[in-house]
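Participant: mind folding the following:
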Amino acid sequence: MRSVAPLILAAALASCSTAPPPPSANFNGQRQVGQWLAGLVPGAPVSCLSSFHQKEMAIADDSTVAFRAAPGHVWVQKTQSPCSPLAGPGPYALVTHSTVGSLCRGDIATVVDTASGMNVGSCVMGDFIPYSRPR
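Facilitator: Numbering: from 1, shown residues only. Down below sits the predicted model:
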């Protein structure tokens with residue numbers, strides 16, 4: 001009987017711990033980013049992206065955002081922390097604030113529920129990876 005008690009205790013403790021939820025993915029956004037990047041090659045990361053280059057935006061998952069100025073000119077942003085629940089089901093939008101006309105590494109973006117107008121998350125921007133046609 002004494003040997004069973006530690007096993008029951010271990011099982012009870014193991015059932016209390018849970019793994020963190022996997023990041024949300026936006027499969028339509030992933031497909032769109034994949035289409036934008038088809039045939040393009042990555043360049044050296046840059047710390048800021050001019051608002052001129054932010055014509056279109058696609059959300060692949062809670063940590064990956066792509067910006068496209070024109071076909072063949074795409075920047076992929078990997079946030080320093082997930083922008084949960086940005087890619088999840090729901091009417092969410094990524095709102096960025098810039099006073100210099102550029103979105104830069106270290107800037108804070110908020111996730112807004114567009115139905116209620118409430119902030120539901122935030123994240124910190126990382127470097128921007130430019131993708132372009134090979135030369």
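Participant: OK, contacts around the residue nearest to residue 78 when sequence neighbours are not counted?
Facilitator: In space, residue 78 comes closest to residue 126 once its chain neighbours are excluded; the distance is 4.9 Å by CB to CB, 6 or more residues apart in numbering. Quick note: C-beta positions are derived from backbone N, CA and C, even for glycine. By CB atoms under 8 Å, 6 or more residues apart in numbering, residue 126 lies in contact with 77-80, 105.
Participant: most neighbours out of these, which is it?
Facilitator: Using other CB atoms under 10 Å as the neighbour criterion, residue 77 leads the contacts of residue 126 with 23 neighbours.
Participant: residue contacts, residue 128?
Facilitator: Here residue 128 is in contact with 45-49, 67, 75-77, 103, 105 (criterion: CB under 8 Å, 6+ apart).
Participant: strands of this structure, start to end?
Facilitator: 41-42, 48-50, 56-61, 64-70, 73-78, 92-96, 102-104, 108-113, 119-124, 128-132 (DSSP state E).
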